[in-house]
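J.: Here is a sequence with its predicted model. Questions after.
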Amino acid sequence: MATSEEKIKIASKFLKAAPPGEINDVFNDVRALVGDDDLLDGGILAALEEYNTEELATVEVPGVEGKVIVSKYGHIEGDWFLDPKTNNKFKLDHLRQTASEVETYTVEDEIEELRKVIEKDAEIYLGDRYADGVSAVYGSNGVVTVAIVHNKYSPSNYWNGRWRSVWTLDTVTNEVKGVMKCKVHYYEDGNVQLETSKELDDKLTKGASEPHKVISKVFVDLIGAAESKYQQALNESYHDLAESTFNGLRRALPYTRTKLDWNKILTYRIGAELAAK
């Protein structure tokens with residue numbers, strides 16, 4: 001029989017692997033498996049915090065229009081996180097994914113003005129590319145970080161999906177690093193999951209001596225080009241899967257080892273059965 005520690009370890013793994021939009025469903029399932037609410041609540045907070053920050057969970061913050069991203073780049077201390085758009089900090093309940101205790105938080109960094117310009121351009125880009133996307137732009141120690149997440153949930157049609165990307169710009173070296181991730185879960189009469197990612201290393205063509213609006217444009221254009229290229233590659237992969245890979249998994253001939261002649265369907269046993277009905 002599993003010990004309490006083993007139960008929590010297993011439950012944490014399930015939670016961290018939860019598909020997009022289904023963390024509550026997974027939590028309820030592992031809750032039934034563990035069978036001890038006190039043990040579960042006290043042992044999985046670290047797993048929930050990791051899930052929320054890595055998956056770029058979006059929450060509603062009191063007094064703030066739209067949703068706010070929860071990420072490690074905006075983590076202040078404990079359960080406190082930064083909303084860079086409003087310069088507020090809020091306390092997050094990782095279990096319920098709710099925000100409270102909003103307070104003003106002063107950000108003092110030499111790249112704050114550049115961060116604000118990139119933030120505006122990132123919002124424009126987001127509006128053009130992602131219908132329900134959310135972005136957050138952070139600035140710290142000479143590095144600007146852009147986080148983008150777009151969730152699309154359709155549980156009535158048995159599928160949910162999430163796009164995430166994180167981009168960092170080192171304002172000293174002009175180096176850009178990015179990672180794009182796509183996760184989709186389809187579960188009608190089955191359980192199929194797709195999880196893919198791609199990393200990118202590049203460098204801006206415009207240096208720190210350029211005006212902020214020039215640096216921002218080049219940076220956001222680079223993000224747009226990279227995401228478009230990767231998304232196009234994903235579309236082509238899906239097409240290849242449907243046209244070749246999945247077809248290759250199907251049986252070429254029925255068990256009779258001969259092709260079915262539809263003009264003689266009534267001579268087959270199945271045809272006779274259908275005709276009788």
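T.: That came through fine.
J.: going forward, measure contacts and count neighbours with C-alpha atoms only.
T.: Fine.
J.: low-scoring stretches of the stretch 151-277 of the chain, by residue?
T.: 208, 240-257, 260, 262, 265-277 (pLDDT under 70).
J.: again, only this time at 50
T.: Residues of the stretch 151-277 of the chain meeting the criterion pLDDT under 50: 271.
J.: Where do the helices of it begin and end?
T.: According to DSSP state H, counting those that start in this stretch, the stretch 151-277 of the chain carries its helices in the segments 212-240, 246-249, 269-276.
J.: ranges for the strands of the stretch 1-150 of the chain?
T.: Using DSSP state E, counting those that start in this stretch, the strands of the stretch 1-150 of the chain run over 58-60, 67-69, 75-77, 80-83, 88-93, 98-104, 134-140, 143-154.
J.: buried ones in the fifth one?
T.: Buried residues in strand 88-93, defined by neighbour count with 16 or more other C-alpha atoms under 10 Å: 88-92.
J.: so what's T58 up against?
T.: Residues in contact with T58 (C-alpha atoms under 8 Å, 6 or more residues apart in numbering) are 67-70, 134.
J.: Oh, that last question was meant for N160, not what I typed.
T.: 19-21, 151-154, 184-186 are the contacts of N160 under C-alpha under 8 Å, 6+ apart.
J.: can you check V146 too?
T.: 122, 135-138, 166-168.
J.: The same query, at a cut-off of 10 Å, please.
T.: 73, 115, 118-119, 122, 135-139, 165-169, 178, 220, 223 (C-alpha atoms under 10 Å, 6 or more residues apart in numbering).
J.: Which residue, other than its chain neighbours, is closest to it?
T.: Distance criterion C-alpha to C-alpha, 6 or more residues apart in numbering; nearest residue to V146, sequence neighbours excluded, is V137 at 4.5 Å.
J.: ok, now how distant is that neighbour from T258?
T.: Separation of V137 from T258 (C-alpha to C-alpha, to the nearest Å): 62 Å.
J.: quick one, which of those two is more surrounded?
T.: V137 (26 against 9; other C-alpha atoms under 10 Å).
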